[in-house]
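> Sequence and predicted structure below; questions after.
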Amino acid sequence: MESPLPAETPRMAKTTPASSSRFPPQIPFIIGNEACERFSFYGMRNILMVFLMDYLLRNVNPDAAMREAMAKSHFHLFMSGVYFFPLFGGYLADRFLGKYRVIFWLSLLYCVGQFCLALFVENIYGFYTGLLLISLGSGGIKPCVSAMVGDQFTAENKHLVKKVFAIFYWSINLGSFFASLFIPLALKNLGPAVAFGIPGVLMLIATVIYWAGRHHYVMVPPTGRNPHSFFRVVFSALGNQSQRTPGGGWLSAARARHPEEAIEGVRAVFRINLLLMPTIPFFWMLFDQKASTWVVQAKAMDPHVGSFTFQPSQMQFINPALVMILIPVLAAVVYPAFQRMGWELTPLRRMPLGLVIGALSYVIAGYYQVLIEGHTVLNISWQILPYIVLTVAEILVSTTGLEFAYTQAPREMKSVVQSLWLLNSTLANVAVAIAAALNIFKGSAQFFFYAGLAALAGIGMALMARRYTVRDYYQEAAPPIPVGERAAPDLSPKGA
């Protein structure tokens, strides 16, 4: 039987010529996998808050307000795990197993977690075990999939990278759109076992699609136990400050033991994260609460829109639908228009702007909450406006950040830097989970509190971005492998 894990040689696909406008042939496998995996994840995630409040935790805490706070805290702890485990997956991929193996094996674990949710809808321990496996699987593959997309390109065809990341993000939202629209209806009409079972099936399909493209991928091999890794360079610099070069910064003390490329890689990591880590978590505090705080708000609204009755968690379909429309509009119309006017919307301008716009969405939603608390009955369709504003913010921050984190990192650091980008969401969700558990902010106050934090973060990022020097890193082109020649499958224990 053929091994599902081919050898990770530097290149296993024919290099696309620089003049070509066509994507490499392996891209559809990655995009198809991502669309199905995102349907699986968002289908499960978007009904999780309602399921915890109305099903699983009913016998744990009969008080509705306390159960809401507990469900929100548990939801955001789960989300923090999803965004913490990229550190684990990125490290394994970069240092030992390579991206393909990590994605394949953790996808299988992911499938097991999804089916645990369907099997244990009445067992809190079994259900939470499933959530743990999903956070490990989904989180572990996150930095590897996005970095693997970039690995399919070289400096020769890097003009296609921006387009492929836009399509990649579009496919994420295609899966999210259908999941958000249909899985809440499955929960209401078919019950939680079926509602969680459908995402499990989609994750299995995603894994099969990814495996089917195994002979086409460009494989960037892991670096192994790198004597010039991030932490080795940092510790060398800290322990040898007496050898510091005048004017070379504190990392120059590592030059006696490490090459300049390794030191520059560490500089890149610090450069990126000193800009992103103090600011981007405040955006994710806003964005991830659309699946918790905004769902709770929707439950207090009139769900009837014409002849259709919306489920509270179903309103989340607006976000991916808008993303699929707005990404090409912004890329093809808005960004070029600003460039023609002499003020290009660079990544370092888009992200701070996105933070401020995200804050505005919470001001609008907070105003709605004030009306609800005053016993005004609002129709659920009023949520469309803050969803539109938050979606614009998402595109400016998240799509831009995904590309920015990849291009600003040297090859050896790409998956790890992607992991650190995702770690911003961990910090955000832990903060929201703690605030929910302590029940610090209630009602409209929480909307205005998070809006204020995001606005301040946007202003701070804009000020810091002025001192950031942009440096793009792409792998060098390698000679194409002749047609008909392919690296043999790795049948050794390491590749099994």
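Ah, there it is.

> now what about the lowest-mean-pLDDT helix or strand in the chain, what contacts it?
Scoring the helices and strands of the chain by mean pLDDT, DSSP states H and E places helix 400-407 at the bottom, with a mean of 78. When contacts are defined by Cβ atoms under 8 Å, 6 or more residues apart in numbering, helix 400-407 is touched by residues 146-147, 150, 161-162, 165, 169, 272, 276, 280, 347, 350-351, 354, 414, 417-418, 420-421, 472-474. C-beta: built from backbone N, CA, C; applies to glycine.

> Any chance of the backbone angles for Phe308?
As for Phe308, its main-chain torsions (degrees, to the nearest 10) stand at phi -110, psi 140.

> Need the per-residue pLDDT for it.
Per-residue pLDDT puts Phe308 at 93.

> ranges for the strands of this protein?
Under the criterion DSSP state E, the chain carries strands at the ranges 304-305, 308-309.

> Is it possible to get CSV of these that adds mean neighbour count and distance to Leu402?
Formatted as CSV, these follow (neighbours: other Cβ atoms under 10 Å; distance: least, Cβ to Cβ, whole Å):
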stretch, mean neighbour count, distance to Leu402
strand 304-305, 12, 33
strand 308-309, 10, 34
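
> Ala256 is nearest to which of these?
Between Ala256 and those, the tightest spacing by Cβ to Cβ is seen for strand 304-305, at 68.1 Å.

> What is the neighbour count of the residue nearest to Cys36 when sequence neighbours are not counted?
Excluding the flanking residues, the one nearest Cys36 by Cβ to Cβ, 6 or more residues apart in numbering is Ala206, at 3.6 Å. Counted with other Cβ atoms under 10 Å, the neighbours of Ala206 add up to 25.

> Identify the residues contacting Tyr55.
Contacts for Tyr55 were tallied using Cβ under 8 Å, 6+ apart; they are 121, 192.

> The same query, at a cut-off of 6 Å, please.
By Cβ atoms under 6 Å, 6 or more residues apart in numbering, Tyr55 lies in contact with Pro192.

> where does it land on pLDDT?
Looking at Tyr55, the pLDDT reads 94.

> Helices of the stretch 301-450 of the chain, start to end?
Taking DSSP state H, counting those that start in this stretch, the helices of the stretch 301-450 of the chain run over residues 318-329, 335-340, 347-373, 384-394, 400-407, 414-438, 444-465.

> Of the ones you listed, which is nearest Tyr125?
Closest among the helices of the stretch 301-450 of the chain, using Cβ to Cβ: helix 414-438, at 19.5 Å.

> from the chain's centre, how far out does the closest one sit?
11 Å (Cα atoms, centre = their mean, to the nearest Å).

> tally of neighbours for Gln408?
24.

> same question, Asn33
24.

> Which residue, other than its chain neighbours, is closest to it?
Nearest non-adjacent residue to Asn33 (Cβ to Cβ, 6+ apart): Tyr210, at 4.0 Å.

> Distance of that neighbour relative to Trp105?
For Tyr210, the distance to Trp105 (Cβ to Cβ, to the nearest Å) stands at 11 Å.

> The two: which is more packed in?
Shown here are Tyr210 and Trp105; by other Cβ under 10 Å, Tyr210 has more neighbours (25 against 18).

> right, and that one touches Gly32 too?
No - with contact defined as Cβ atoms under 6 Å, Tyr210 does not reach Gly32; the gap is 8.2 Å.

> Out of all residues in the protein, which is the farthest from the middle?
Relative to the centre of the chain, and counting by Cα atoms, centre = their mean, the farthest-placed residue is Ser242 at 41.0 Å.

> sorry, back to before: quick check: which of the strands of the chain is nearest to Ile134?
Of all the strands of the chain, strand 308-309 comes closest under Cβ to Cβ, at 29.4 Å.

> Just give the nearest non-adjacent residue to His85, would you?
Heads up, residue 85 is Phe, not His. Distance criterion Cβ to Cβ, 6+ apart; nearest residue to Phe85, sequence neighbours excluded, is Gly139 at 3.0 Å.

> Likewise for Val161?
Val161's closest residue in space is Phe153 (Cβ to Cβ, 6+ apart), at 5.3 Å.

> Tell me, how many residues neighbour that neighbour?
22.

> hang on, isn't it packed against Lys163?
No - between Phe153 and Lys163 there is no contact under Cβ under 6 Å: 10.3 Å.

> Turn the helices of the stretch 301-450 of the chain into a markdown table, columns for mean neighbour count and distance to Gly81.
Formatted as a markdown table, the helices of the stretch 301-450 of the chain follow (neighbours: other Cβ under 10 Å; distance: least, Cβ to Cβ, whole Å):
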| stretch | mean neighbour count | distance to Gly81 |
| --- | --- | --- |
| helix 318-329 | 18 | 22 |
| helix 335-340 | 13 | 35 |
| helix 347-373 | 21 | 23 |
| helix 384-394 | 21 | 21 |
| helix 400-407 | 22 | 20 |
| helix 414-438 | 23 | 8 |
| helix 444-465 | 19 | 21 |
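
> Turn the ones you listed into TSV, including distance to Phe308.
Output for the helices of the stretch 301-450 of the chain, formatted as TSV (distance: least, Cβ to Cβ, whole Å):
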stretch	distance to Phe308
helix 318-329	14
helix 335-340	35
helix 347-373	20
helix 384-394	14
helix 400-407	34
helix 414-438	31
helix 444-465	27
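
> Tell me which of those helices sits nearest to Arg95.
Closest to Arg95 of these, according to Cβ to Cβ: helix 414-438, at 9.0 Å.

> What residues of stretch 151-162 count as buried?
Residues of stretch 151-162 classed as buried by neighbour count (16 or more other Cβ atoms under 10 Å): 151-154, 156-158, 160-161.

> Looking at those residues, which is nearest Phe441?
Within these, proximity to Phe441 (Cβ to Cβ) peaks at Val161, which comes in at 40.7 Å.

> Pull the contacting residues for Asn123.
If you count contacts by Cβ under 6 Å, 6+ apart, Asn123 has none.

> Just read off the phi/psi values of it.
According to degrees, to the nearest 10, Asn123 has phi -120, psi 110.

> Need the pLDDT of it.
With respect to pLDDT, Asn123 has a value of 95.

> Next: Ala477.
Note on Ala477: pLDDT of 46.
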